[in-house]
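>>> sequence and predicted structure, then a few things I'm wondering about:
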Amino acid sequence: MSPQRKIMLAAFDLDGTLLNSADSIVFGVTECWKVCGFPVPKAQDIKKIIGLPWEESVKNLLPDAGKKEFNLIKKYYEEVAQGKRQRPKQDQDLFPGVYEMLKEVREAGYILTIITSRSGVRLRELLAKHGIEELFSALKTTDDGPGKPNPFLMRQTLNEFNVLKNNAVMIGDTTFDIAMSKNAGTFGVGVSWGVHNTSDLMTAGAHEVVHTVDEIVPTLRKLIPI
């Protein structure tokens, strides 16, 4: 009897990892803050909170935010979603080589998933727009439970696919991605082309940091030999 093939999982962050969206996120937050009458944060401060759950990101940018402020922000984004307010211009493209890389990871035998702090509706819109939705076996958002760096969504994914934690990798561009992988007991791979730098990713506990999309598959094979 041939040995049973191990079940391997590669969970990807979206923004800053697969999708070059940092500038559009900064622009969108800036527009929201202007409409709501809040002091507009610096671009670098907005980039630092990309990847956090929505409520926590607001608190980081607006420490004194209470029910009134949260309601104003929610109302703004609801009006954008309903078409009552024009969606801020968003130039968001996949990083070069991402589509081919994702196919290669799947062909190497990994279950592909996304773990993101975006809402499920917006995530599916973006994946469909870029033609990569069918590559993923599961999509995990903060609609499903506590977001990064809480390990809940990673553990939920491992349980759903019966994957051992030492056969799973989280790939992301922020220390929040790496902290979640560390908290869940999985491997964490940082990418240097996003919003957090290599030094911060390594300090957060990344097992490896890659600098090009082409390095991802060899790194996965190094961490989890077949």
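Noted; the coordinates are in hand. Residues are numbered from 1 along each chain as shown.
>>> hey, where'd the strands end up in this structure?
Assigned strands in the chain, in chain order: 8-12, 19-20, 93-94, 110-115, 138-140, 168-172, 187-191, 208-210 (criterion: DSSP state E).
>>> a markdown table for the ones you listed, including mean neighbour count, mean pLDDT and distance to P149?
C-betas here are computed from N, CA, C, even on glycine. Formatted as a markdown table, the strands of the chain follow (neighbours: other C-beta atoms under 10 Å; pLDDT from 0 to 100; distance: least, C-beta to C-beta, whole Å):
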| stretch | mean neighbour count | mean pLDDT | distance to P149 |
| --- | --- | --- | --- |
| strand 8-12 | 25 | 98 | 14 |
| strand 19-20 | 21 | 96 | 20 |
| strand 93-94 | 16 | 94 | 25 |
| strand 110-115 | 23 | 98 | 11 |
| strand 138-140 | 19 | 97 | 14 |
| strand 168-172 | 28 | 98 | 11 |
| strand 187-191 | 27 | 98 | 11 |
| strand 208-210 | 20 | 98 | 17 |
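>>> need these in CSV (columns: distance to I49).
Converted to CSV, the strands of the chain look like this (distance: least, C-beta to C-beta, whole Å):
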stretch, distance to I49
strand 8-12, 20
strand 19-20, 17
strand 93-94, 22
strand 110-115, 17
strand 138-140, 19
strand 168-172, 14
strand 187-191, 17
strand 208-210, 21
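>>> K148 is nearest to which of those?
Proximity to K148, assessed across these by C-beta to C-beta, is greatest for strand 110-115 (7.3 Å).
>>> quick one on the thing from earlier: and of the strands of the chain, who's closest to F27?
F27 lies closest, by C-beta to C-beta, to one member of those: strand 19-20, at 13.2 Å.
>>> chain center to that closest one: distance?
Taking C-alpha atoms, centre = their mean, to the nearest Å, one finds the center of strand 19-20 at 10 Å from the center of the full chain.
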